[in-house]
Each structure stands twice: as C-alpha cells, then as structure tokens.
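1. Sequence and predicted model, in that order:
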Amino acid sequence: MTDRAPPAGRPPSHHSPTEGTSLLDRRAMLGGLTGLGVGSFGLARFLGVTVAGTAAGLVSTGCDPHVAPQLQFTFGSTGGGPGQFRTPRGIAWDSTNARIIVVDTTNHRVQQFAADGTFLSTFGTNGTATGQFAKPWGPEWDATNEQLFMSDRDNKRIQAFDAAGAFLFAFGGPGTGDGEFAEPTGMAYDPNNNRLYVTDTTNHRVQAFDGAGNFLFTFGGPGTGSGQFTNPNGIVIDQSTSRLFVSDRFNHRVQVFSLGGTFLSAFGDLGTELGQFNEPFGLAWDTRAGRIFVADWGNDRVQFFGASLDVFGSIGATGSGPGQFDQPFDLAFDSTNARLLVTDSVNNRVQVWASPLDLPSKPAAPRSARAAPVKWSADVHCYVGAVICNTENSAPRARIVR
C-alpha cells in the first residue's frame, strides 16, 4: 500500500500548501487590527498565527498559554543511528516507566526515549522472525500488564514485548477471517475490560482481542455509511465516557463507537477549514482537559475538539520549522506531564507540545457563520475572537475569547 494512494474509484484529496504572504503584508494586516500593535510582536518569530474573524472581534488582553498548546521541544533527525528516524509513524507514552516510544517505520525498529527526548534504547530489525518487523506501525502500551503491543503491518500480525523490548508473544496472520489481518495499524488498549482494539486498515474494520491476543469480535466493513470505513487508522478510547474514536482516513472523518462497536456519531468531512480533514490519521485523548486531538495528515496540522466534539482550534502548518509539520502522523498524550506527542513523519522528528488544562468557553463558530479569515503562514489557528500576541522570546500563542 502506498501511503498517499486513495482506494480505486475514489478521487484523490488535495494536500494544501501554506498560503503565503510577505512579512510586509503581515505587518500591514497586523497594524490594522484594533487593539493589536505591531511593535511588540517580534516579526522574525511571528511566522504566522491564523486568525479568523473580523478586526472588531480581536481584542488584545495579553498572552494566555492556557488554551492553545505550546511547542516545548523537538527531537530526532534523519538517519539510521540512535535517536534518528526514517519515517517515524506510531508513538506512545509509557506511563509506567516515563518513556516515549517511537516506531521508526522505515528503519524497521522501535526506539525508546526519556521524557526529555534523550535516547535510551532500540529493538527490532527488518525480517519475519519473532521480534523482527516489516513496516511496523503503531505501538500501544498496556500499563496493567506492563507490555508493549506492536502492529507489525507488512507481517500482518501483532507482537507483544516487555518493557525492555524482549519478545513475549504474537498473534494474527494474513487474511480476512476473524483474528486475521490485511494491514494492522492503530491500536487502543482498554484496561477496564482487558481489551485491545486494532484497526485492520485494508480490511476496513476494527478487531477486538483480549490482552493475550484471543479474538473477541469485529465491527465495520467497507463503505461510506455510518459505522463503515475506508482505510481506518488511528484509534483511541475516552475511558470517562466509554467511547471509542476511529479515524476513517479516506472518508475524511472520525467515527465514534461504544466499546462494544456500536456506532454513535461521526464528525468531519473533506476540506481545509477547522473541523474538516484531509486524511486524518493518529488520535489522542487528553485525559485531563477532556478533549481529542486529531492528526490532520494532509493539512499538516493537528486539530483539537472538546468532549462534545466541537472544534476549538489547531496547531501546525506546512513546513520544517519549529511548530510546523510535514505529514503529522500519530499522536500520544503524556498524561504524566500533560503533553501532546506528535510524530512529524517527513521531517523525521518528534514534536512535544504542552497541553493546557483549560479550553475556551465556546467552540469555534460554525463554518457558515465565519467571516473570511485573515491568513498568515499559520502555527496556531483559532477562530472568531482569537487573541494573539508574541514577544521576542516567546512562541506564537492564541486564545479564543469570543
């Protein structure tokens, strides 16, 4: 499977480049906004906050880091050495050992890092034997049993390892039957029910197993209707409401299910506005603030939604600079430090963002109610009534105040 190819008979989606404006244009636009002076913005660092809404809706009340996630640091570079990546895909937070687990897909290995991004260890090589991988995809840490599940995509199996990377067991195999896989990718573990959910991507379904790899049930099937999929990938659980979220890649949406696989709702469609997606992939649930993050892969951004699934904003833009993405692939929430972890796959790095506890009091306005956005090359996006500010020593910030 090629990563960009849509299924047969389906039109390709469009990867949107950043809409560019010169610094002089940005300065002129900023200078015209009521209550926002240009002098303190540090234009060399102001590489773009996108704000939608009229000038009258923008009020300067000072920087507020409590709404939009803030970039903390990145780690990784291109290569095959320790701490380097070739197309990092899956990512997980090991809450037991305070480690970041990154799947280094094209190097066919798993790398483990300390919470500050310091390289710790690696395991896996290319092959078909136990403990080897062929295009590994997603990791999932089972804190209850202290084991790491790895989706070994092209070997069409799931492998389990202990915290040190020693092989424990494997299950699956090629096929379309119960417990078989075409392309296992995303995983989510439910500790309350000792259940592992696996997105079986090109079988267009989700399969559920117990913690030992025994098949339990499946749901989904190919299509565009409610509860059907066209290449599902990311998957995450909101334990507080017993909801299961699945990114439905080529249907450009996220679907919501009960833990038993009953369809509940869906959100998103194809596009570039907030609340729309261009091939969504990884998902993460913020257990502290009660929100879901969605890797909007084709739009080079990560969007975040409240518990009621209203869109509140996004981070990122196309590029290789700080806070920019080139195909953000997977997400994980570090519940210990309240951080969002993002694999920036083409840039061969991981970005770490602080995830504030607070959400705006109101979501972004519906698309039909929005004025045309004022656009720069965006690092942080918020709609209608956003407050933006910057200093020479701080990253762009945004706050929705409406």
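-> Nice, I can see it. It should be emphasised that the depicted structure is a prediction, and the values quoted were computed from it without experimental measurement.
2. hey, let's count contacts and neighbours off CA atoms from now on
-> OK.
3. Would you verify that Asp154 is located in a helix?
-> Yes: counting by DSSP: H, G, I helix; E, B strand; the rest coil, Asp154 is found in a helix.
4. Spatially nearest residue to it (excluding sequence neighbours)?
-> Ala134 (5.1 Å; Cα to Cα, 6 or more residues apart in numbering).
5. now Ser258
-> Nearest one to Ser258, counting by Cα to Cα, 6+ apart, is Arg243 at 5.0 Å.
6. pLDDT score assigned to the one you found?
-> We have a pLDDT of 97 for Arg243.
7. start the count at 38, not 1, going forward
-> Okay, using 38 as the starting number, the last item reads as Arg280.
8. Would you mind naming the residues that bridge with it?
-> Taking DSSP bridges as the rule, Arg280 bridges to Asp275, Ser295.
9. Now for it, how many residues are close by?
-> When neighbours are counted by other Cα atoms under 10 Å, Arg280 registers 18.
10. do Asn231 as well
-> For Asn231, using other Cα under 10 Å, the count is 14.
11. one step back: list the residues that contact the residue nearest to Ser295.
-> Under the criterion of Cα atoms under 8 Å, 6 or more residues apart in numbering, the neighbours of Arg280 are 274, 293-296.
12. those strands in the stretch 138-287 of the chain, which residues are they?
-> 146-151, 156-160, 173-179, 184-189, 194-198, 204-209, 221-227, 232-237, 242-247, 252-257, 269-275, 280-285 (DSSP state E, counting those that start in this stretch).
13. Strand partners (parallel or antiparallel) of the third one?
-> What that stands for is strand 173-179. strand 184-189 (antiparallel).
14. And Arg194, how far from Phe300?
-> 26 Å (Cα to Cα, to the nearest Å).
15. Compare the two (neighbour count), which wins?
-> Taking other Cα under 10 Å, Arg194 and Phe300 do not tie; Arg194 has more neighbours (23 against 18).
16. The more buried one and Pro359, how far apart?
-> 36 Å.
17. likewise Pro393?
-> Using Cα to Cα, which is the criterion applied here, Pro393 is 19 Å from Pro359.
18. Below-threshold pLDDT in this structure: ranges please.
-> Across the chain, the ranges flagged by pLDDT under 70 are 38-104, 395-439.
19. Can you show me the helices along it?
-> Under the criterion DSSP state H, the chain contains helices at 60-68.
20. In space, not sequence, find me the middle residue of it.
-> Closest to where the C-alpha atoms of the chain average out (Cα atoms, centre = their mean) is Ala332, at 3.2 Å.
21. which residue packs closest to that residue, ignoring adjacent ones?
-> Using Cα to Cα, 6+ apart, the closest residue to Ala332 is Val339 (4.6 Å).
22. Tell me the bridge partners for the one you found.
-> Ala332, Ile352.
23. What number of residues are in the vicinity of it?
-> 28.
24. who are the neighbours in contact with it?
-> Val339 touches 330-333, 351-353, 365, counting by Cα under 8 Å, 6+ apart.
25. Of those, which count as buried by neighbour count?
-> 330-333, 351-353, 365 (16 or more other Cα atoms under 10 Å).
26. circling back to that earlier point, with distance to Phe370 as extra columns, can I get the strands of the stretch 138-287 of the chain in TSV?
-> Formatted as TSV, the strands of the stretch 138-287 of the chain follow (distance: least, Cα to Cα, whole Å):
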stretch	distance to Phe370
strand 146-151	15
strand 156-160	19
strand 173-179	12
strand 184-189	16
strand 194-198	21
strand 204-209	25
strand 221-227	13
strand 232-237	18
strand 242-247	22
strand 252-257	26
strand 269-275	10
strand 280-285	15
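27. wait, which of the ones you listed is closest to Pro106?
-> strand 269-275 (19.6 Å; Cα to Cα).
28. tilt between the closest one and strand 252-257?
-> 110 degrees (axes from the mean of the first three to the mean of the last three Cα atoms, to 10 degrees).
29. Pull the distance from strand 269-275 to the chain's centre.
-> 10 Å (Cα atoms, centre = their mean, to the nearest Å).
30. Pull the CA coordinates from it and hand them back as PDB.
-> Taking C-alpha atoms only, strand 269-275 is exported to PDB below (Å, rounded to 0.1, in the frame of the first residue of the first chain):
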ATOM      1  CA  PRO A 269      -9.400   3.200   9.200                       C
ATOM      2  CA  ASN A 270      -6.100   4.000  11.000                       C
ATOM      3  CA  GLY A 271      -5.900   5.900  14.300                       C
ATOM      4  CA  ILE A 272      -7.900   4.700  17.300                       C
ATOM      5  CA  VAL A 273      -8.200   6.000  20.900                       C
ATOM      6  CA  ILE A 274     -10.500   5.500  23.900                       C
ATOM      7  CA  ASP A 275     -12.200   8.000  26.200                       C
END
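31. Who are the packing partners of that strand?
-> strand 221-227, strand 232-237, strand 280-285, strand 317-323 (3 or more Cα pairs under 8 Å, 6 or more residues apart in numbering; DSSP states H and E).
32. Switch those strands over to CSV; also include distance to Asp347.
-> Compiled in CSV, those are given as follows (distance: least, Cα to Cα, whole Å):
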stretch, distance to Asp347
strand 221-227, 23
strand 232-237, 25
strand 280-285, 14
strand 317-323, 14
